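Participant: pasting the structure only:
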């Protein structure tokens with residue numbers, strides 16, 4: 001999905017002999033263990049999705065986004081109040097909403113002792129915008145002068161006019177048009193995660209995404225550094241005592257990857273201290289059980305920043321009438337009531353109803369089986385055709401929702417074959433458009449209406465393969481418009497066109513629930529901003 005806002009998540013540890021007690025806690029999950037005679041402060045976080053890697057140039061999955069946010073600091077980070085806080089950048093200033101001066105923290109240094117400088121940030125920006133590098137975040141940067149609509153520098157030069165180094169800790173970024181500062185921070189500030197030039201400068205550009213560094217980054221600048229990643233099991237991190245904004249209070253941070261039902265079991269036992277509400281969703285059937293746990297505090301979110309969407313491959317389902325029929329066939333209220341236990345919003349279009357950008361006047365294709373059947377008849381739908389339905393495992397609510405969707409479609413005359421994969425495999429197939437239907441979660445940005453990464457032509461997360469020049473033009477116009485009334489008008493038009501074409505549809509937007517062990521202090525599990533001040537986390 002986009003910015004966690006865009007944004008987020010993580011993974012952790014199964015207690016194996018190679019990790020030992022220090023990774024999983026001891027004495028009934030207290031999280032404090034003895035090593036070489038000294039007490040360790042350890043926190044374990046439960047998540048369901050494994051990161052595909054630790055690539056700061058890639059935003060294909062939320063778990064990876066969150067991992068790289070911890071390892072490679074962005075210029076700014078969005079907190080739980082939807083405000084941007086300084087991170088690698090001490091400040092971002094502008095007087096004309098076109099020229100933005102970025103001051104980097106002078107104390108920042110890499111874990112190998114070398115300073116983090118403007119050269120590193122300029123090098124990172126060069127990688128993101130180079131046509132030879134398959135960066136999935138490049139489109140976030142297309143507001144900068146000298147870049148094309150995909151955020152790439154096609155001049156053939158290493159530099160472009162929208163980015164300039166001023167001194168060792170200052171860069172200047174210039175946009176093509178006026179841009180609201182919050183939008184600039186949302187698109188550029190939180191996605192520009194500086195990587196070390198000295199560690200990557202010799203990697204061929206066209207091989208950058210295959211670099212071993214992004215599977216095992218040995219030089220980072222965040223609060224924690226990577227120790228071990230055991231795929232689909234855990235991520236183990238150790239404190240970076242030289243972190244430029246203050247050494248973490250914790251000694252070790254682990255992210256455990258598990259099925260949703262196991263989250264409840266391990267919260268009870270103390271094997272994990274908390275969940276990540278965005279990618280560590282507690283099964284709805286277990287919510288009351290978790291609320292009754294004496295060792296756990298529960299926090300329920302009031303707005304959704306994530307949406308479960310049904311992507312439809314526009315090449316294998318080319319008729320918009322069929323795609324809208326599929327939307328009419330889905331009983332979202334049943335899914336929310338019976339499976340999600342009411343802890344979600346119904347979403348059909350681009351934004352959930354709670355979003356400030358939602359247009360309530362759109363003719364959304366809400367549940368109406370009769371209309372679904374009528375549209376299928378108009379489209380001469382072949383009832384013998386079987387649609388392959390890509391369903392990632394791990395999120396039990398989503399898996400159950402997929403079963404309901406399959407039955408809903410069968411009820412109106414559409415045959416479906418569910419194909420289940422682990423999340424990384426399902427996303428890989430999704431990005432290659434190797435599916436007919438694909439249920440997947442995408443982030444809902446609370447401060448920025450831009451959804452070009454999901455529905456813009458040729459974007460990596462345009463999973464349906466949708467292309468509409470009119471929508472592309474509107475999305476580009478929206479990025480460079482400051483006037484709020486004009487912004488509203490632009491994105492209302494986007495919503496109307498997208499609803500008519502229906503290349504993907506919303507199913508439900510879950511309201512996250514965070515659960516945290518009472519022994520952990522300084523943290524509130526939440527879908528946005530959970531890891532902003534992770535150096536302040538502590539245990540009693």
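Facilitator: Thanks, I have the structure now. Because the structure is a prediction, the values reported are computed rather than measured.
Participant: which parts of stretch 201-210 are buried?
Facilitator: 203, 208-209 (16 or more other CB atoms under 10 Å). All C-beta atoms are positioned from the backbone trio N, CA, C, and that covers glycine.
Participant: ok, residues contacting that stretch?
Facilitator: 55, 57-58, 123, 127, 130, 132-134, 200, 211, 213 (CB atoms under 8 Å, 6 or more residues apart in numbering).
Participant: Would you mind giving those as TSV with neighbour count added?
Facilitator: Shown next, in TSV, are these (neighbours: other CB atoms under 10 Å):
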residue	neighbour count
55	25
57	24
58	20
123	19
127	20
130	19
132	11
133	18
134	15
200	19
211	18
213	18
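Participant: who touches residue 504 in this structure?
Facilitator: Per CB under 8 Å, 6+ apart, neighbours of residue 504: 309-312, 454-455, 463-464, 466.
Participant: For the nearest residue to it once chain neighbours are set aside, grab the count of nearby residues.
Facilitator: Distances taken as CB to CB, 6 or more residues apart in numbering place residue 311 nearest to residue 504, at 4.5 Å, with adjacent residues excluded. When counting by other CB atoms under 10 Å, one arrives at 25 neighbours for residue 311.
Participant: Then the one 4 residues further on?
Facilitator: Neighbours of residue 315 under the rule other CB under 10 Å: 10.
Participant: Pretty sure it sits against residue 463.
Facilitator: No: counting by CB atoms under 8 Å, residue 315 stays clear of residue 463, with 12.0 Å between them.
Participant: so what sits against both of these two?
Facilitator: With CB under 8 Å, 6+ apart, residue 315 and residue 463 have common neighbours residue 433.
Participant: In helices only, show me the buried residues of stretch 201-210.
Facilitator: Using DSSP state H, no member of the buried residues of stretch 201-210 falls in helices.
Participant: can I get those residues in TSV with pLDDT?
Facilitator: Conversion of those to TSV gives the following (pLDDT from 0 to 100):
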residue	pLDDT
203	97
208	96
209	93
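Participant: Let's have the residues you listed in CSV, adding distance to residue 102.
Facilitator: Shown next, in CSV, are these (distance: CB to CB, whole Å):
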residue, distance to residue 102
203, 25
208, 23
209, 26
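Participant: Could you dump the contacts of residue 504 into a markdown table with pLDDT, distance to residue 49 and secondary structure added?
Facilitator: Converted to a markdown table, the contacts of residue 504 look like this (pLDDT from 0 to 100; distance: CB to CB, whole Å; DSSP: H, G, I helix; E, B strand; the rest coil):
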| residue | pLDDT | distance to residue 49 | secondary structure |
| --- | --- | --- | --- |
| 309 | 97 | 15 | strand |
| 310 | 98 | 18 | strand |
| 311 | 97 | 17 | strand |
| 312 | 98 | 22 | strand |
| 454 | 89 | 18 | helix |
| 455 | 91 | 22 | helix |
| 463 | 96 | 16 | coil |
| 464 | 96 | 21 | coil |
| 466 | 96 | 24 | coil |
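Participant: Buried subset of those as a PyMOL selection?
Facilitator: A single PyMOL command is used to select the members of those judged buried by 16+ other CB under 10 Å:
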select buried, resi 309+310+311+312+454+455+463+464+466
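Participant: Can you tell me which of the contacts of residue 504 is nearest residue 90?
Facilitator: Comparing the contacts of residue 504 against residue 90 with CB to CB places residue 454 closest, at 31.9 Å.
Participant: which residue is nearest the middle of this structure?
Facilitator: residue 62 (3.2 Å; CA atoms, centre = their mean).
Participant: Which pLDDT value goes with residue 10?
Facilitator: Listed pLDDT for residue 10 reads 34.
Participant: Partner strands of the host helix or strand of residue 441, with direction?
Facilitator: According to DSSP states H and E, residue 441 maps onto strand 437-443. Strands that pair with strand 437-443, judged by DSSP bridges, come out as strand 306-312 (antiparallel), strand 386-392 (parallel).
Participant: Which parts of the stretch 201-350 of the chain are helices?
Facilitator: Remark: helices assigned in the stretch 201-350 of the chain by DSSP state H, counting those that start in this stretch are 260-269, 287-291, 320-329, 332-334.
Participant: Compare those and report which one is nearest to residue 379.
Facilitator: helix 320-329 (4.2 Å).
Participant: Run the angle between that closest one and strand 437-443 for me.
Facilitator: Counting by axes from the mean of the first three to the mean of the last three CA atoms, to 10 degrees, helix 320-329 points 70 degrees away from the direction of strand 437-443.
Participant: before we move on, the earlier item: highest average neighbour count across the strands paired with strand 437-443?
Facilitator: Stretch with highest mean neighbour count among the strands paired with strand 437-443: strand 306-312 (a mean of 25; mean count of other CB atoms under 10 Å).
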